[in-house]
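Colleague: Next come a sequence and a model predicted from it.
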Amino acid sequence: MPIASTEPTPIGRTLITGGAAGLGAAVADGVAKAGGTPLVIDLDPSASPYAAYQGDVTDTRGIEALVARIAEEHGGLDAVVTAAGIDKPGRLDEIPGDVWERVIAVNLLGTAAVVRAALPHLMQVHGRVVTVSSSLGVRAVSDATAYSASKFGVIGFSRALAAETRGAIGVTTLIPAGMQTRFFDGRTAQYAPGPDANLNDPANVASAVLYALASPRGSEIREISVMHEEEPSWP
């Protein structure tokens, strides 16, 4: 029976969606500090100090072509982290259909499109995928039908992908709770965290992503939950 290596996997060319802000930017910084090469895709990549590309993950065919171009320009890919994500809280009958569907398109369909395009390159090097779900991907609450549907979907997608690619690439699902990012900007008070909310530093969450990416070959972290120690919604 093969024995898993005890040597960390080097962090290499890591494609990060939503990599110019929030968790994605924290992951990009972590990759760079670990000696890897962050490759950022974002709607507005101007804030990223790394190799950054403008892209909308809801344009699934366009994003597939962009991922292929990035891989060609950098001689391949070693890892993908799908940190792009949005939300629009509200009751199902209050959210316009196109807004509801865009949440699904960014969080779930965009994740699948990026991974699908990167897969041939990852298979060549036994690379790794880290998908980003949410605590609301395992716990449903009111006024979050779009977000929960998309994040529950990311977990199902990732588990199936892990089964499909077992032994060929690594697949990890990150399940974070609320973080100190701009994710909540523009929300009404009803849906915004209060001043005493227990939000995690995205750098702490990013360190868990880097740990998964550097896990020794043959040893896979399939799912990892990260949250503030006083997070009230867990378990």
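Modeller: Happy to help now that I have it.
Colleague: Mind pulling up the pLDDT for the nearest residue to residue 88 once chain neighbours are set aside?
Modeller: Of all residues not flanking residue 88 in the chain, residue 99 sits nearest, at 5.2 Å (CB to CB, 6 or more residues apart in numbering). (Glycine included, C-beta is placed from N, CA and C.) The per-residue pLDDT reported for residue 99 equals 96.
Colleague: Then the one 5 residues further on?
Modeller: Residue 104 carries a pLDDT score of 98 in this model.
Colleague: From the contact counts, what lies against the helix or strand it falls within?
Modeller: Assigned by DSSP states H and E, residue 104 belongs to helix 97-104. The helices and strands touching helix 97-104, judged by 3 or more CB pairs under 8 Å, 6 or more residues apart in numbering; DSSP states H and E, are helix 145-164.
Colleague: wait, residue 87 sits on residue 147?
Modeller: Yes. With contact defined as CB atoms under 8 Å, residue 87 reaches residue 147; the gap is 4.5 Å.
Colleague: overlap in contacts of the two?
Modeller: residue 103 (CB atoms under 8 Å, 6 or more residues apart in numbering).
Colleague: where does this protein dip in pLDDT?
Modeller: 1-4, 181, 183-196, 235 (pLDDT under 70).
Colleague: can you pull out the helices in it?
Modeller: 22-33, 60-73, 97-104, 110-125, 145-164, 202-213 (DSSP state H).
Colleague: Deepest in the core, which of these is it.
Modeller: Of all the helices of the chain, helix 22-33 has the most neighbours on average by mean count of other CB atoms under 10 Å, namely a mean of 24.
Colleague: can you give me how far that helix is from the chain middle?
Modeller: When distances are taken as CA atoms, centre = their mean, to the nearest Å, helix 22-33 is centred 12 Å away from the chain's centroid.
Colleague: Can you tell me what sits against it?
Modeller: 11, 14, 16-20, 37-38, 40, 42, 47-48, 50, 81, 83-84, 132, 176, 179, 181-183, 202-203, 205-207, 209-210, 213.
Colleague: what's the angle between it and helix 202-213?
Modeller: 60 degrees (axes from the mean of the first three to the mean of the last three CA atoms, to 10 degrees).
Colleague: contacting residues for the residue nearest to residue 35 when sequence neighbours are not counted?
Modeller: Using CB to CB, 6+ apart and skipping residues adjacent in sequence, the residue nearest residue 35 is residue 11, 6.2 Å away. By CB under 8 Å, 6+ apart, the contact list for residue 11 reads 31, 34, 35, 36, 78, 79, 210, 213, 214.
Colleague: Now residue 18. Nearest residue, chain neighbours left out?
Modeller: Using CB to CB, 6+ apart, the nearest residue to residue 18 is residue 84, at 3.4 Å.
Colleague: number of nearby residues for the one you found?
Modeller: By other CB atoms under 10 Å, the residues close to residue 84 number 27.
Colleague: what sits against it?
Modeller: Contact analysis of residue 84 by CB under 8 Å, 6+ apart lists 17, 18, 24, 41, 42, 57, 106, 107, 110, 111.
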